[in-house]
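1. After the sequence you'll find the predicted model.
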Amino acid sequence: MQFVSVRVITDDVARLVEFYERATGIPARWATAQFAELVGPACTLAIGATATTALFAGAAVPAANESAILEFLVDDVDAEFQRLADLEVVQEPTTMPWGNRSLLLRDPDGNLVNLFTPVTPQARARLSAR
């Protein structure tokens, strides 16, 4: 099995795509006005309109996430903090006990977004083992 994608459902696809394009630097690939993907080297972030939930028995509810965090590996968390300072910052760059330096943002729908850089030898080793 291969984990390839995370899909976020939203009432405003264009707004969410704009946020993630800016935060990640990855241009979106639009399939339709209701569905776009940001294809990264390890995983794809898919963004779908609320109307697409009908295809999944209406199981997804937009802007209702309070448990998942979308995480993106970056070269320099502090530089990203400076670049994205006008976005909703939940937590400024902080070095976590497990060795990642982390910047926590909130996207326009309220989903948590973690930009992180491994800064300790153990954290770098964990990442390189993948």
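-> Right, received. Where do you want to start?

2. Give me the pLDDT for the closest residue to residue 110 other than its chain neighbours.
-> Leaving aside its sequence neighbours, residue 110 sits nearest to residue 63 (C-beta to C-beta, 6 or more residues apart in numbering; 5.4 Å). Every C-beta, even on glycine, is put in place using the N, C-alpha and C of the backbone. Residue 63 is assigned a pLDDT of 82 by the prediction.

3. ok now do residue 63, which residues does it touch?
-> With contacts defined as C-beta atoms under 8 Å, 6 or more residues apart in numbering, the neighbours of residue 63 are 10-11, 109-111.

4. can you check residue 12 too?
-> Applying C-beta under 8 Å, 6+ apart, one finds that residue 12 lies in contact with 108-109.

5. Look up how far residue 107 lies from it.
-> Taking C-beta to C-beta, to the nearest Å as the measure, residue 12 falls 11 Å from residue 107.

6. doesn't residue 16 fall inside a strand?
-> No - with DSSP: H, G, I helix; E, B strand; the rest coil as the criterion, residue 16 is assigned helix and is not in a strand.

7. what's the burial count for it?
-> Other residues within reach of residue 16, judged by other C-beta atoms under 10 Å, total 25.

8. now swap in the one 5 residues further on and tell me
-> The burial metric for residue 21, expressed as a neighbour count using other C-beta under 10 Å, is 14.

9. Quick check: phi and psi at it.
-> Residue 21 has phi and psi values of phi -60, psi -40 when expressed as degrees, to the nearest 10.

10. Do I have it right that it meets residue 27?
-> Yes - at 6.1 Å, residue 21 and residue 27 qualify as touching, with contact defined as C-beta atoms under 8 Å.

11. shared neighbours of those two, which are they?
-> Between them, residue 21 and residue 27 have residue 38 as joint contacts when contacts are counted by C-beta under 8 Å, 6+ apart.
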